[in-house]
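Engineer: Generate a structure from the sequence data that follows.
(chains A and B)
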Number of protein chains: 2
Amino acid sequence: MSTLRPPQQHEEIAEFIRQEIFSGHFKAGDPLPSEAELCKQFDSSRGPVRQAMSTLRAEGLISSGRGRRSIVLDNTRTESFDAVFSVSAWLGALGKEPGQRTLWVARQPASSEIAEALEITEGDPIFSVHRVRSADGVPCLVERMHFPSEVGRLIMDFDTDSGSLHRHLLRAGVDFNNVSRVLTAIPANEEDAKALKVEEGFPLFRMTLRSYTHAGEVIEYADYRYRADQIRLGMNNVRGSSSPLWVEIPDQWEDNPS
Amino acid sequence: MSTLRPPQQHEEIAEFIRQEIFSGHFKAGDPLPSEAELCKQFDSSRGPVRQAMSTLRAEGLISSGRGRRSIVLDNTRTESFDAVFSVSAWLGALGKEPGQRTLWVARQPASSEIAEALEITEGDPIFSVHRVRSADGVPCLVERMHFPSEVGRLIMDFDTDSGSLHRHLLRAGVDFNNVSRVLTAIPANEEDAKALKVEEGFPLFRMTLRSYTHAGEVIEYADYRYRADQIRLGMNNVRGSSSPLWVEIPDQWEDNPS
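Structural biologist: Have a look, this model is predicted:
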């Protein structure tokens, strides 16, 4: 289901500059080489160089140029796409040892909330995995993942205590093309509280995530709950780029999730 | 201080497609026109078309192509750069009537926390504005904005009860080039609680924001606190694009802010 192809030139240029920034070779406040210099360095025409710059600007790594040299920004952290949908990949990138303890695994009929999220019919069979995840041995989030049966059957024989379920699914050829995330704050329910060793009602960050194939099929609906006192989020935004992070005041608030 | 220039072709193409998506003319699940068709439509070479596609992918508006037609994604909301650093612009984009009530305005010496954020010396004069902001008349956040004196003196004669302070500063030529945001959850303190009509300890989203000029000078440090039960955030991510939103577990947690 997944497609591999060699990177395009603009991707190679962007990745080169990204690594120069992350490694500290290009420092906050440094001007980047000029367009002409980058063209020469990469034996490239202006198109791919400009495309690379616009990618890095959208990621918040370099300033808006507007006819001037772009400058390397401060606080330039980004996440790989894998770190977005796999807790193991996320913790690994943070330099923390990922751990997991399975609370329960079930093949069950989809509730109305989960059916809606997976775009299937209520009562259709789904495969659910609830786990407590830890970073360097400290419990930091509860994950509840729900898969439609065609994906779920690929994890029937997977030991959910053994590590990255998503790596297993990627290896099995599942096409994780894009994800949509929503972040709210909620009080801990009984299961959350027990798993995270806090009182019921303790504030949690709740991130729900839907993963899609290239064709737009939903292949996962996940619900991550983090102790609100143990994580922080952030991003850079640059004039001339729209921000992919939206913040909204819902007209109708969803019911408190169980 | 700010620089205006005509949009480049890749920006025009990206903006055209963005508006086609936001207006509903291109719908979730629709394939985009092919690269060749877009080149013809915009009388463009492939470079600007590819650059536009990569921008839209980084914004989470279209799927990763990888040799196939890109598909319009669902939940495609993004924020303009202005909506990121101006609460008035943000509320306006949500279709809500922005309101503001000034709690206090002061020219004061910078505390150590604010001096660090503004990259100035503790005790240097700063200009601070605390306001309650409302959406359609409902209080939704407390904003605390701190400006170094060269920006602060531009608002000495501004009526902080009258509307968008950032529009005033943009008109005065202040170069808001890029911003860096950090999001945490904290309990309401006494001032927050009174302003937002909740009990002390009520969970709030706290967004701190630093604004920079192109040259990297910090021109604002703002602290926004939202009732956690009244907002949600979200974004799309696409394979092949890094996510500008980072999520981390701090090794050392900051002291509880006052």
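
Engineer: number of nearby residues for the closest residue to A:Ile62 other than its chain neighbours?
Structural biologist: Spatially, and ignoring its direct neighbours in sequence, A:Ile62 is nearest to A:Ser70 (4.2 Å; CB to CB, 6 or more residues apart in numbering or on different chains). Where C-beta positions appear, they are placed from N, C-alpha and C, glycine not excepted. Neighbour count of A:Ser70, defined by other CB atoms under 10 Å in any protein chain shown: 23.

Engineer: Surely A:Ser70 touches A:Thr55?
Structural biologist: No: counting by CB atoms under 8 Å, A:Ser70 does not reach A:Thr55; the two are 11.9 Å apart.

Engineer: any idea how far A:Phe42 is from the residue nearest to A:Ile62?
Structural biologist: Distance from A:Ser70 to A:Phe42, counting by CB to CB, to the nearest Å: 16 Å.

Engineer: Please apply the same query to A:Ile219.
Structural biologist: Remark: distance between A:Ile219 and A:Phe42 (CB to CB) = 36 Å.

Engineer: Looking at those two now, which is surrounded by more residues?
Structural biologist: Taking other CB under 10 Å, A:Ile219 and A:Phe42 do not tie; A:Ile219 has more neighbours (21 against 16).

Engineer: mind giving me the domain ranges of chain A?
Structural biologist: For chain A, automatic domain parsing gives the domain ranges A:1-78, A:81-227.

Engineer: mean pLDDT lowest for which of those?
Structural biologist: Note on the domains of chain A: domain A:1-78 shows the lowest mean pLDDT, a mean of 85.

Engineer: Please list all residues in contact with the residue nearest the centre of chain A.
Structural biologist: In chain A, the residue lying closest to the centroid (CA atoms, centre = their mean) is A:Val84, at 1.3 Å. Residues near A:Val84 by CB atoms under 8 Å, 6 or more residues apart in numbering or on different chains: A:Trp90, A:Val179, A:Arg181, A:Leu209, B:Asn237, B:Ser243.

Engineer: for the host helix or strand of A:Gly152, the distance to its chain's centre please.
Structural biologist: For A:Gly152, the enclosing helix or strand under DSSP states H and E is helix A:149-152. Helix A:149-152 sits 21 Å away from the centroid of its parent chain (CA atoms, centre = their mean, to the nearest Å).

Engineer: packing partners for the helix or strand just after it?
Structural biologist: Of the helices and strands lying after helix A:149-152 in sequence (DSSP H and E), the nearest is helix A:165-171. The helices and strands touching helix A:165-171, judged by 3 or more CB pairs under 8 Å, 6 or more residues apart in numbering or on different chains; DSSP states H and E, are helix A:87-93.

Engineer: which phi and psi does the residue in chain A positioned nearest to chain B have?
Structural biologist: Here chain A gets closest to chain B at one residue, A:Gly47, 2.5 Å apart by CB to the nearest CB. Torsion angles at A:Gly47 (phi, psi; degrees, to the nearest 10) stand at phi -50, psi -60.

Engineer: does it really touch B:Ser45, like I thought?
Structural biologist: Yes: assessed by CB under 8 Å, A:Gly47 is found in contact with B:Ser45 at 7.1 Å.

Engineer: Settle it for me: which of these two has more neighbours?
Structural biologist: A count of neighbours by other CB under 10 Å puts A:Gly47 above the other of A:Gly47 and B:Ser45, at 19 against 12.

Engineer: Give me the spatial nearest neighbour of that one, chain neighbours excluded.
Structural biologist: That would be B:Gly47: by CB to CB, 6+ apart, it lies 2.5 Å from A:Gly47.

Engineer: show me what contacts that neighbour?
Structural biologist: A:Ser45, A:Arg46, A:Gly47, A:Pro48, A:Arg50, A:Gln51, B:His10.

Engineer: again, but for A:Val182
Structural biologist: A:Met207, A:Thr208, A:Leu209, B:Arg232, B:Leu233, B:Gly234.

Engineer: Of the contacts of A:Val84, which is the most crowded?
Structural biologist: Counting neighbours by other CB under 10 Å, B:Asn237 leads the contacts of A:Val84 with 28 neighbours.

Engineer: what helix or strand does it sit in?
Structural biologist: strand B:232-238.

Engineer: any residues touching that strand, and which ones?
Structural biologist: Strand B:232-238 is contacted from outside by A:81, A:84, A:177-184, A:244-248, A:250, B:57-64, B:73, B:75-77, B:183, B:243, B:245, using CB under 8 Å, 6+ apart.

Engineer: 7 Å - rerun?
Structural biologist: Contact partners of strand B:232-238, identified using CB atoms under 7 Å, 6 or more residues apart in numbering or on different chains, comprise A:81, A:84, A:178-184, A:244-248, A:250, B:57, B:60, B:63-64, B:73, B:75-76, B:243, B:245.

Engineer: Give the rounded mean pLDDT of that strand.
Structural biologist: Per-region confidence: strand B:232-238 scores 93 on mean pLDDT.

Engineer: Tell me the helix or strand right after that strand.
Structural biologist: Remark: after strand B:232-238, the chain's next helix or strand is strand B:246-248, criterion DSSP H and E.

Engineer: what's the distance between that following strand and the middle of its chain?
Structural biologist: For strand B:246-248, the separation from the chain centroid amounts to 17 Å (computed by CA atoms, centre = their mean).

Engineer: which non-adjacent residue is nearest A:Gly29?
Structural biologist: Nearest non-adjacent residue to A:Gly29, counting by CB to CB, 6+ apart: B:Gly216, 5.1 Å away.

Engineer: The one you found should be in a strand, yeah?
Structural biologist: No: remark: B:Gly216 does not belong to a strand; assigned using DSSP: H, G, I helix; E, B strand; the rest coil, it is coil.

Engineer: Pretty sure it sits against A:Val72.
Structural biologist: No: in this structure, B:Gly216 is not within contact of A:Val72 by CB atoms under 7 Å, at 9.0 Å.

Engineer: what is in contact with these two at once?
Structural biologist: Listed as contacting both B:Gly216 and A:Val72 by CB under 7 Å, 6+ apart are A:Gly29.

Engineer: which of the two has more neighbours?
Structural biologist: A:Val72 (21 against 17).

Engineer: what are the ranges of the strands in the stretch 1-150 of chain A?
Structural biologist: For the stretch 1-150 of chain A, the strands defined by DSSP state E, counting those that start in this stretch occupy A:98-109, A:125-135, A:138-148.

Engineer: got the residues of the stretch 1-150 of chain A near chain B?
Structural biologist: For the stretch 1-150 of chain A, the residues in contact with chain B (CB under 7 Å from any CB of the partner chain) are A:3, A:5, A:10, A:29, A:47, A:50-51, A:54-55, A:58-60, A:63-64, A:66-68, A:71, A:73-75, A:77-81, A:84, A:90, A:94, A:96, A:135, A:140.

Engineer: Now restrict those to buried residues only.
Structural biologist: A:10, A:47, A:50-51, A:54-55, A:58-60, A:63-64, A:71, A:73-74, A:77-81, A:84, A:90, A:94, A:96, A:135, A:140 (16 or more other CB atoms under 10 Å in any protein chain shown).

Engineer: How many neighbouring residues does A:Glu204 have?
Structural biologist: In this structure residue A:204 is Leu, not Glu. Neighbourhood size, A:Leu204 [other CB under 10 Å]: 28.

Engineer: Now do the residue nearest to A:Gly47 against B:Gly24, distance only.
Structural biologist: From B:Gly47 to B:Gly24 the distance is 29 Å (CB to CB).

Engineer: same question, A:Gly123
Structural biologist: Per CB to CB, A:Gly123 is found 32 Å from B:Gly24.

Engineer: With neighbour numbers in mind, choose between these two.
Structural biologist: Neighbours per residue (other CB under 10 Å) separate A:Gly123 from B:Gly24, with A:Gly123 holding more: 12 against 8.
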